[in-house]
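Visitor: Provided below for reference: sequence and predicted model.
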Amino acid sequence: MQIILQVNNLTKSFGGLMAVNGLSLVVQDDSIHALIGPNGSGKTTTINLLSGVLKADNGDIIFENKNINQMQTYEIARMGMIRTFQNLKLFNSMTVIENVMIGGHSATKIGLLRFLYDINSAKKEEKSLRERAEEVLEFIGLYNVKDETVKNLPYGKQKMVELGRTLMNNPKLLLLDEPAAGLNPTERQDLVKLLEKLFNNGTRLFLIEHNMDVVMNICKRITVLNFGKKIAEGSPKEIQENEEVIKAYLGDKYKKR
């Protein structure tokens, strides 16, 4: 059992609003970890801090034994921690495979100038990207629609395309910001199967999610935020039995009986 991500006393405020207040947690490589809580509890701010989109006021973020507090987003991504967003960031007029290929450009070896004058190297890079994108699409079950314009896909498959794009660089830890938002029950079941497949294939997962059927089905460890503070942490069973969590977020219908 190895610690892949450690957060110590993380704090972030915006003016007089304390968005994240002294958060500490540990993500281990033997379980999928979820961060849950009411709207406005600081979940997305936390992912923005972890991924370098925002800088913390105080606290430490340790990824694979290295402090990444002052690192830029692209540097953190190159280390292997990559995030998704709540809203789709796809190019609707491009094909599925073209959208996925974009995810791999940060790892290409030639820059823009060389791309413009070294046609042979550019073609080799594009061929390599396409082959990797085809592998990813096969893995996530979308190879058969690789040449489809992405805007023509149902919303659930568009979400899978965005997830596939993050896999182009073989992330060690994937930060998922509400991956099941907007999905119907069948699509959520497909997502759960894919996330489990990813985890079993070696990608560690840390997710924000409001759909408790997803969280309770795949996560072994859950951290709960309310007004920026951690109010509980534990297994799904422990969270379902926690009176403070039930009162602040889950409601009685999720209480373990």
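Guide: Here it is on my side, so go on.
Visitor: which residues in the protein form strands?
Guide: For the chain, the strands defined by DSSP state E cover 3-14, 17-28, 33-36, 58-63, 66-67, 81-83, 173-177, 204-208, 221-226, 229-234.
Visitor: CSV for those strands, including mean pLDDT?
Guide: Listed next are the strands of the chain as CSV, based on pLDDT from 0 to 100:
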stretch, mean pLDDT
strand 3-14, 95
strand 17-28, 94
strand 33-36, 95
strand 58-63, 96
strand 66-67, 96
strand 81-83, 93
strand 173-177, 94
strand 204-208, 95
strand 221-226, 94
strand 229-234, 94
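Visitor: mind giving me the packing neighbours of the longest helix along the chain?
Guide: When secondary structure is assigned using DSSP state H, the longest helix within the chain turns out to be helix 119-140. Under the contact criterion of 3 or more Cβ pairs under 8 Å, 6 or more residues apart in numbering; DSSP states H and E, helix 119-140 touches helix 96-102, helix 112-117, helix 155-166. C-beta coordinates here come from the backbone N, C-alpha and C atoms, glycine included.
Visitor: where's D57 relative to G22, distance?
Guide: For D57, the distance to G22 equals 11 Å [Cβ to Cβ, to the nearest Å].
Visitor: got it, and P154?
Guide: 41 Å.
Visitor: which one of those two has more residues nearby?
Guide: G22 (14 against 11; other Cβ atoms under 10 Å).
Visitor: so that one touches I231, yeah?
Guide: No - using Cβ atoms under 8 Å, G22 is not in contact with I231; the gap is 11.9 Å.
Visitor: E131: how many residues sit nearby?
Guide: 11.
Visitor: cool, L54 as well?
Guide: Using other Cβ under 10 Å, L54 has 18 neighbouring residues.
Visitor: could you do the one 10 residues further on as well?
Guide: Using other Cβ under 10 Å, the number of residues around E64 comes to 15.
Visitor: report the contact partners of it.
Guide: 4-5, 79-80, 172 (Cβ atoms under 8 Å, 6 or more residues apart in numbering).
Visitor: from R188, how far out is it?
Guide: For E64 relative to R188 (Cβ to Cβ), the value is 31 Å.
Visitor: quick one: low-confidence parts of the protein?
Guide: Applying pLDDT under 70 to the chain flags the ranges 105-122, 251-257.
Visitor: surely L250 touches M212?
Guide: Yes - between L250 and M212 there is a contact under Cβ under 8 Å: 7.1 Å.
Visitor: what does stretch 178-197 contact?
Guide: 32, 84, 86, 139-141, 155-156, 159-160, 163, 176, 205, 207-211, 213-214, 217-218.
Visitor: buried sites along it?
Guide: For stretch 178-197, a neighbour-count test (16 or more other Cβ atoms under 10 Å) marks 178-180, 182-183, 187-188, 190-192, 194-195 as buried.
Visitor: how much space between E98 and A34?
Guide: 32 Å.
Visitor: more neighbours: these two, which one.
Guide: Legend: neighbour count by other Cβ under 10 Å for E98 and A34, higher for A34 (25 against 17).
Visitor: ok, for the more buried one, nearest residue in space, not its chain neighbours?
Guide: C219 (4.2 Å; Cβ to Cβ, 6 or more residues apart in numbering).
Visitor: show me what contacts the one you found?
Guide: Contacts here follow Cβ under 8 Å, 6+ apart; on that basis C219 touches 31-34, 207, 236.
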